[in-house]
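Enquirer: Provided below for reference: sequence and predicted model.
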Amino acid sequence: MSYRREIVNRILANSGATLGIAVLGISLAIAGAGLAQTKSTKKAAPAGKDAAAVARGKEVFQQKCSTCHYDTSDAKKIGPGLKGIGKRGTFTVNNNKVTDESLKTWIENGDSLMPPFKDVIDDNQIKDVIAYVKTL
């Protein structure tokens with residue numbers, strides 16, 4: 001069985017049918033650090049509608065993405081840790097700018113290790129996960 005298939009099966013086993021937001025499989029190739037996991041620090045969420053999107057995104061992340069990604073560290077799990085991804089400026093694997101659109105494209109299409117999610121999660125879930133990840 002291929003390594004990619006093994007990751008997909010692991011995510012499905014832990015996440016159910018909504019491969020969901022291993023989205024931050026976005027970062028499977030994004031940061032690829034190897035640093036020790038660090039303590040999380042709480043940040044204030046934006047007010048109103050944005051706060052709701054961040055909360056939904058966090059929930060999806062915990063259910064779907066945390067199998068492969070840390071949200072409290074930039075250390076590698078299966079995929080890279082996502083702490084600080086919004087501040088990095090560029091993806092480490094390809095030097096593309098980290099933007100909402102580039103994150104969306106990464107989540108939808110995947111890469112060599114991360115499966116594509118465009119047929120698994122909807123646009124609103126992707127937007128919510130991106131909103132959450134940008135707060136890390």
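Expert: Done, it's in.

Enquirer: Return, as residue ranges, the portions of this protein with sub-threshold pLDDT.
Expert: Residue ranges of the chain with pLDDT under 70: 1-49, 92-93.

Enquirer: now the helices for it?
Expert: Ranges of helices in the chain, per DSSP state H, are 3-15, 49-60, 85-88, 100-109, 123-133.

Enquirer: out of those helices, which comes closest to P115?
Expert: When those are compared by C-beta to C-beta, helix 3-15 sits nearest P115, at 4.9 Å. Quick note: C-beta positions are derived from backbone N, CA and C, even for glycine.

Enquirer: Quickly note the distance from A51 to D71.
Expert: Taking C-beta to C-beta, to the nearest Å as the measure, A51 falls 17 Å from D71.

Enquirer: any chance of the helices of the chain in JSON lines, plus mean neighbour count?
Expert: Below are these laid out as JSON lines (neighbours: other C-beta atoms under 10 Å):
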{"stretch": "helix 3-15", "mean neighbour count": "15"}
{"stretch": "helix 49-60", "mean neighbour count": "17"}
{"stretch": "helix 85-88", "mean neighbour count": "16"}
{"stretch": "helix 100-109", "mean neighbour count": "18"}
{"stretch": "helix 123-133", "mean neighbour count": "22"}
